[in-house]
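Enquirer: Next come a sequence and a model predicted from it.
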Amino acid sequence: MANDPIHQFQITKIVPIEMGGLDLSFTNSALFMVATTAVVSLFLIMSTSGRGLVPTRWQSMAEMSYEFVASTLRSSAGNEGMRFFPLVFSLFMFVLIANLIGMFPYFFTVTSHLIVTFALAMLVIGTVVLYGFAKHGMSFLKLFVPDGVPGALVPLVTLIEVISFLSRPVSLSVRLFANMLAGHITLKVFAGFVVSLIAADGLGVMGPITAILPLVMAVALTGLEFLVAFLQAYVFTVLTCMYLNDALHPSH
Amino acid sequence: MATTSAETHTGTEVPADAHSTGTFPPFDGGTFASQILWLAITFGLLYWIMSKVALPRISGILEDRRDRIAGDLAEANRLKQESDAAIAAYEQALAEARGNAHKIAHDTRAKLKSDVEARRTAAEAGLADKLSDAEKHIAELKTTALANVGEIATDTTTALVETLIGKAPTKAELTKAVDSAMK
């Protein structure tokens, strides 16, 4: 069990809840979702409680995250995109902090479950579709018919555009899910090698010595995983911004 | 025990794991409902906190700072303009004062010059007067002296002639002789 790289993704019930035949238990996953929300909220609220004209270090971090997301959103969706700022900011912070919390040993990684990332992706796409139709009505469908395409190619291009649009929630969610899952499995596998090599019979003193190699790998991978944790949150956010841009300006 | 894999254990440890054993946990559909529910609750809460509390507060802070910086810059600009104006006024006053000083110096110099000139002319005129007086006096003295010379010569000639020839010459002869001799 200690070496099983899949065990870390196991969902265990903390408070079993059953409603209408559905298992709605409060699980370890739910616990870490609550933790993520709590960390983000406490970080942003406590660091800005001083409302300092000259920021403290914590307040400066909060302002940096605000301006980082704001500039990302503004650069891809323009100033009108700022109406989605709370959504985009919440998504970025939720994914980022969930990823980072997952880097602690024995902690559960919320974003390593496809259903969570898929739900977040559907939230984004749902927002795009609802807002797109609410704002542009039927002309939102121009999104699927690019300008300047020769008449004969329109059906083909439209088909491709529809498929690409439908694959967005899949690619958005699978990208984040697969990155987090693969990273954590790789880490666990290399860490498992260290333990196995040290405990291995018949290798004698060579066991602990060769165990240094996977240990170095595990340390390097830990660094890489922190990068991936940030990068995937950023990628998720940037793609969200680009999709929202489609909802704001469908015709191009 | 350490080799027990997820595939082989049959939910003996935690009964709650029952449905999640045997399948890869992320693809275990039995946990989806609970994950979606709790994600909706926690993400909804996060969204609410962000949009109602955290983000307005941070944007307020940033706006305050931007306003303050803009205000300070405007104030600094105003003060700079004021000091520029003061410097310009000072420069102008300085230039005026310099011009005045120049004029005063020039006037004074001109006045002094004309003064000196006048006095010098006056002094020269006085000197010329005195010179001509003195010349006149000298001329007078010279005439007097010359007249005296004639008289002395006459006297001396009379005495000489008397002694030489025993008889005094006439006055007219004497004058004539003296005059011709003196010429």
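Expert: Right, received. Where do you want to start?

Enquirer: okay, CA-based contacts and neighbour counts for the rest of this
Expert: Fine.

Enquirer: How about the residues of the stretch 51-200 of chain A by chain B?
Expert: Residues of the stretch 51-200 of chain A lying close to chain B (CA under 8 Å from any CA of the partner chain) are A:51-53, A:62-63, A:66, A:86-87, A:89-90, A:94, A:112-116, A:119.

Enquirer: again, 6 Å this time
Expert: A:51, A:53, A:86, A:90, A:113-114 (CA under 6 Å from any CA of the partner chain).

Enquirer: Let me know how buried residue 58 is, in neighbour terms.
Expert: Using chain A. When neighbours are counted by other CA atoms under 10 Å in any protein chain shown, residue A:58 registers 14.

Enquirer: wait, chain B
Expert: Residue B:58 has 23 neighbours, counted by other CA under 10 Å.

Enquirer: For chain A, give me its nearest residue in chain B.
Expert: residue B:34 (4.0 Å; CA to the nearest CA).

Enquirer: re the thing from before, out of the residues of the stretch 51-200 of chain A next to chain B, which end up buried?
Expert: By neighbour count, with 16 or more other CA atoms under 10 Å in any protein chain shown, these hold A:51, A:86, A:90, A:113-114 as buried.

Enquirer: would you turn those into TSV with secondary structure and pLDDT?
Expert: Below are those laid out as TSV (DSSP: H, G, I helix; E, B strand; the rest coil; pLDDT from 0 to 100):
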residue	secondary structure	pLDDT
A:51	coil	85
A:86	helix	95
A:90	helix	96
A:113	coil	92
A:114	helix	92
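
Enquirer: out of the residues you listed, which one sits closest to residue A:142?
Expert: Nearest to residue A:142 among those is residue A:86, at 27.1 Å by CA to CA.

Enquirer: How much space separates that closest one from residue B:46?
Expert: Distance, residue A:86 to residue B:46, using CA to CA, to the nearest Å: 10 Å.

Enquirer: Output the longest helix belonging to chain A.
Expert: helix A:154-199 (DSSP state H).

Enquirer: Which SSE is immediately downstream of it?
Expert: helix A:206-210 (DSSP states H and E).

Enquirer: where does chain B dip in pLDDT?
Expert: B:1-22, B:183 (pLDDT under 70).

Enquirer: on that earlier part again, farthest pair within the residues of the stretch 51-200 of chain A next to chain B?
Expert: The widest separation within these (CA to CA) is 42.1 Å, between A:53 and A:114.

Enquirer: So what's the residue count around residue A:34?
Expert: As a burial measure, residue A:34 scores 19 neighbours (other CA under 10 Å).

Enquirer: Quick check, pLDDT for it.
Expert: Residue A:34 carries a pLDDT value of 96.

Enquirer: distance of it from residue A:97?
Expert: 11 Å.

Enquirer: same deal with residue B:161?
Expert: 162 Å.

Enquirer: who has more neighbours, those two?
Expert: residue A:97 (24 against 15).

Enquirer: Please name the nearest non-neighbouring residue to the more buried one.
Expert: Among residues not flanking residue A:97 along the chain, residue A:36 sits closest, at 6.0 Å (CA to CA, 6 or more residues apart in numbering or on different chains).

Enquirer: what about the strands in chain A?
Expert: With strands called from DSSP state E, chain A shows them at A:13-15, A:18-19, A:22-23, A:26-27.

Enquirer: ok, the last one: who's next to it in the sheet?
Expert: In the sheet containing strand A:26-27, its partner strands are strand A:13-15 (antiparallel), by DSSP bridges.

Enquirer: Please identify the helix or strand for residue B:44.
Expert: helix B:32-49.

Enquirer: need the next SSE after that helix, C-terminal direction.
Expert: Scanning forward in sequence from helix B:32-49 by DSSP H and E, the next helix or strand is helix B:55-165.

Enquirer: Tell me which residue in chain A sits closest to chain B.
Expert: Counting by CA to the nearest CA, chain A gets nearest chain B through residue A:24, at 4.0 Å.

Enquirer: With residue B:91 as the reference, measure out to residue B:101.
Expert: Taken as CA to CA, the span from residue B:101 to residue B:91 is 15 Å.

Enquirer: Repeat that for residue B:150.
Expert: In terms of CA to CA, residue B:150 sits 87 Å off from residue B:91.

Enquirer: what about the two, which has more around it?
Expert: residue B:150 (15 against 12).

Enquirer: element containing the spatially closest residue to the more buried one that is not a sequence neighbour?
Expert: Of all residues not flanking residue B:150 in the chain, residue B:178 sits nearest, at 6.9 Å (CA to CA, 6+ apart). Per DSSP H and E: residue B:178 is located in helix B:171-182.
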